[in-house]
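K.L.:
Would you be able to build a 3D model of this:
(one chain, ligands or ions: 2)
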Amino acid sequence: MTMSETRRTIASGTAVVNGIGVASGLKITDAKVFTCCPGRNFVTLKIYTDGGIYGLGDATLNGRELAVASYLTDHVIPCLIGRDPFQTEDIWQYLYRGAYWRKGPVTMGAISAVDVALWDIKAKALNTPLYNLLGGKVRNGVMVYGHANGASIDQAIEEVRGYAERGYLAVRTQCAIPGLPSTYGVSKDKMFYEPATLGQPEENVWSSESYMRHVPKLFERVRTALGEDLHLLHDVHHRLTPIQAGRLGKDLEPYRLFWLEDAVTAELQEGFRIIRQHTTTPLAVGEVFDSVWDARQLVTEQLIDYLRMSVRAGGITAMKKIAALADLYHVQIGSHGATDLSPVMMGAALHFDMSTTNVAIQEFMRHTPETLDVFPRAYSYADGYMQPGDAPGHGVDFDEERAAHYPYKRAYLPVNRKVDGTLWNW
Ligand code: CS2
Ligand code: MG
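P.N.:
Ligands and ions are numbered 1, 2, ... in the order given. You can find the predicted model right below:
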């Protein structure tokens, strides 16, 4: 079916399925889940329609990939067949409310994949880039931040300098902590850092005291070497208590961070009040959230400055609403964009970012050449900003033949223990 034929059919659609009229004239005929490991694991959902148009969604859940693949294949896909792919809102509600069991990273990762694939279909059927269905462009490009990390402060400075030379306006900066054998976020491979590893989970060793003494020295040196203009970010990976985070935020104030991320976990949302009472360093949290309920108190009490939720938290449909809520409370969005979000998710994220006023920044962690080989894409990076591109849909495709060369391999994120062996991750 050509685009104009599709549009004519859309205008004259009549069928009724499962109680809701099929107004678009398109129907979902099938959906498949693909798992592959081109440099790291990905779970990709492909939804097919009778119009010949398909949509792609990312269902990757780092370290627990097959759970989402099964949720989709065994439970969700059978309910999608025959539905109108344009009914993104109703299908979202059907999968969220209809399941009885709500929220959680597996459920919401699956809903996200369906939602993104449906928005992709809708935008392709209307022959327009997805951002046009989400409000249109509100900016010229999406500012992104890269990842610099070093085994020493000197090495970290050189890594940050490398990003600045490539035009980045914002750089997340991490470095190894003297006396600790390994630190999350600090890797040997500087170009393609990947925290998940094959085999059993790696174990990192942690000392809050050593860490809190060292990090201010890192930022003092980076500022002295690179000046005031660059935006600097730092990720604590949920390793401190609120009062420790307050202390660290205060010690970092002279270096004017763009944000301090995941200083503590946020299951106890009111814990952030303690951090807020002690520091003006901007706070970011939310890459592990999967529902607006995870962020409600943080947002409405203005306990954070940046919400790190991504399209993984229920798709475009959910993120548009979450961003609108955050906007009321002066909270900006700075979505998670690590390597475990596939290029499909990155494409969807960039269309969301491009069309949402209170998006401040987007994380951009480079994918390996193997990953990029499997996911042809319209998005691009230049001079500190990314563009989603103008291809119809979200602009990211999936090469099934290439993917078949990279079978899934079980992998895990590291766990974290204090020096005395206690499992530690507040
Ligand atoms: C990190 C990630 O990108 C980030 O901010 O926290 O490395 C994160 O740990 C992984 O995406 C986990 O899947
Ligand atoms: Mg993080």
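
K.L.:
what comes into contact with stretch 190-206?
P.N.:
The set of residues that contact stretch 190-206 without belonging to it, under Cβ atoms under 8 Å, 6 or more residues apart in numbering, is 39-41, 62-63, 147, 149, 159, 180-185, 187, 239, 338-340, 365-368, 409-419, 424. The way it works is simple: take the backbone N, C-alpha and C, and place the C-beta from them, glycine included.

K.L.:
That one near ligand 1 anywhere?
P.N.:
Yes - using Cβ under 6 Å from any ligand atom, stretch 190-206 reaches ligand 1 at residue 195.

K.L.:
and the nearest residue to residue 315 once chain neighbours are set aside, helix, strand or coil?
P.N.:
When the adjacent residues along the chain are set aside, residue 315 lies closest to residue 115, with 2.7 Å between them (Cβ to Cβ, 6 or more residues apart in numbering). In three-state terms, and counting by DSSP: H, G, I helix; E, B strand; the rest coil, residue 115 is helix.

K.L.:
Residue 115 and residue 312 touch, don't they?
P.N.:
No - contact criterion Cβ atoms under 8 Å: residue 115 and residue 312 do not qualify, at 10.4 Å.

K.L.:
Between those two, point out the one with more neighbours.
P.N.:
The residue with the greater number of neighbours, taking residue 115 and residue 312 and applying other Cβ atoms under 10 Å, is residue 312; the counts read 30 against 27.

K.L.:
Surely the more buried one and residue 341 touch.
P.N.:
Yes - counting by Cβ under 8 Å, a contact exists between residue 312 and residue 341, whose distance comes to 6.5 Å.

K.L.:
Need the overlap of contacts for those two.
P.N.:
residue 58.

K.L.:
how many neighbours does the closest residue to ligand 1 within the stretch 301-426 of the chain have?
P.N.:
Here the residue of the stretch 301-426 of the chain nearest ligand 1 is residue 338; by Cβ to the nearest ligand atom that distance is 3.2 Å. Summarising burial for residue 338: neighbours were counted as other Cβ under 10 Å, giving 19.

K.L.:
Tell me the pLDDT of it.
P.N.:
pLDDT, the model's per-residue confidence, is 97 for residue 338.

K.L.:
Cross-check the contact I'm expecting between it and residue 366.
P.N.:
No - under the criterion of Cβ under 8 Å, residue 338 lies out of contact with residue 366, with a separation of 10.3 Å.

K.L.:
so where's the chain shaky on pLDDT?
P.N.:
In the prediction, the chain carries residues with pLDDT under 70 at positions 1-21, 426.

K.L.:
Tell me which residues touch the residue nearest the centre of it, please.
P.N.:
When the chain is reduced to its mean C-alpha position, the nearest residue by Cα atoms, centre = their mean turns out to be residue 336, at 3.4 Å. In this structure, residue 336 makes contact with 286, 287, 308, 309, 310, 312, 363, judged by Cβ under 8 Å, 6+ apart.

K.L.:
and the closest residue to ligand 2 within the stretch 201-350 of the chain, how many neighbours does it have?
P.N.:
Taking Cβ to the ion as the measure, the point where the stretch 201-350 of the chain comes nearest ligand 2 is residue 235, at 4.3 Å. Under the neighbour criterion other Cβ under 10 Å, residue 235 is assigned a count of 22.

K.L.:
Can you tell me which residue of the stretch 1-150 of the chain sits closest to ligand 1?
P.N.:
residue 62 (3.5 Å).

K.L.:
From residue 36, how far out is that residue?
P.N.:
Remark: distance between residue 62 and residue 36 (Cβ to Cβ, to the nearest Å) = 15 Å.

K.L.:
what about these two, which has more around it?
P.N.:
residue 36 (25 against 18).

K.L.:
Just list whatever residues bridge to that one.
P.N.:
residue 42 (DSSP bridges).

K.L.:
Three-state assignment for residue 334, please.
P.N.:
Here residue 334 is strand, with the state taken from three-state DSSP.

K.L.:
residues touching it, list them.
P.N.:
Residue 334 sits next to 259, 284, 306, 307, 308, 359, 360, 361, 362, 363 when contact means Cβ under 8 Å, 6+ apart.

K.L.:
Which strands or helices does the host helix or strand of the second one pack on?
P.N.:
So the one you mean is residue 284. Mapping residue 284 onto the secondary structure by DSSP states H and E places it in strand 283-285. Using 3 or more Cβ pairs under 8 Å, 6 or more residues apart in numbering; DSSP states H and E, the elements in contact with strand 283-285 are strand 259-261, helix 271-278, strand 306-307.

K.L.:
Please identify the deepest-packed of the ones you listed.
P.N.:
Between these, the one whose residues have the most neighbours on average, counting mean count of other Cβ atoms under 10 Å, is strand 306-307 (a mean of 27).

K.L.:
and whatever helix or strand comes next after that strand, how far out from the chain's middle?
P.N.:
Using DSSP H and E, the helix or strand that follows strand 306-307 in sequence is helix 315-328. Distance of helix 315-328 from its chain centroid, counting by Cα atoms, centre = their mean, to the nearest Å, is 14 Å.

K.L.:
And the contacts of helix 315-328?
P.N.:
Residues outside helix 315-328 that contact it (Cβ under 8 Å, 6+ apart): 57, 88-89, 92, 108, 111-116, 119, 130, 134, 291-292, 295, 299-300, 307, 309-311, 313, 332-333, 335, 348, 351-352, 356-359.

K.L.:
buried sites along it?
P.N.:
Using 16 or more other Cβ atoms under 10 Å as the burial criterion, the residues of helix 315-328 that qualify are 315, 316, 317, 318, 319, 322, 323, 326, 327.
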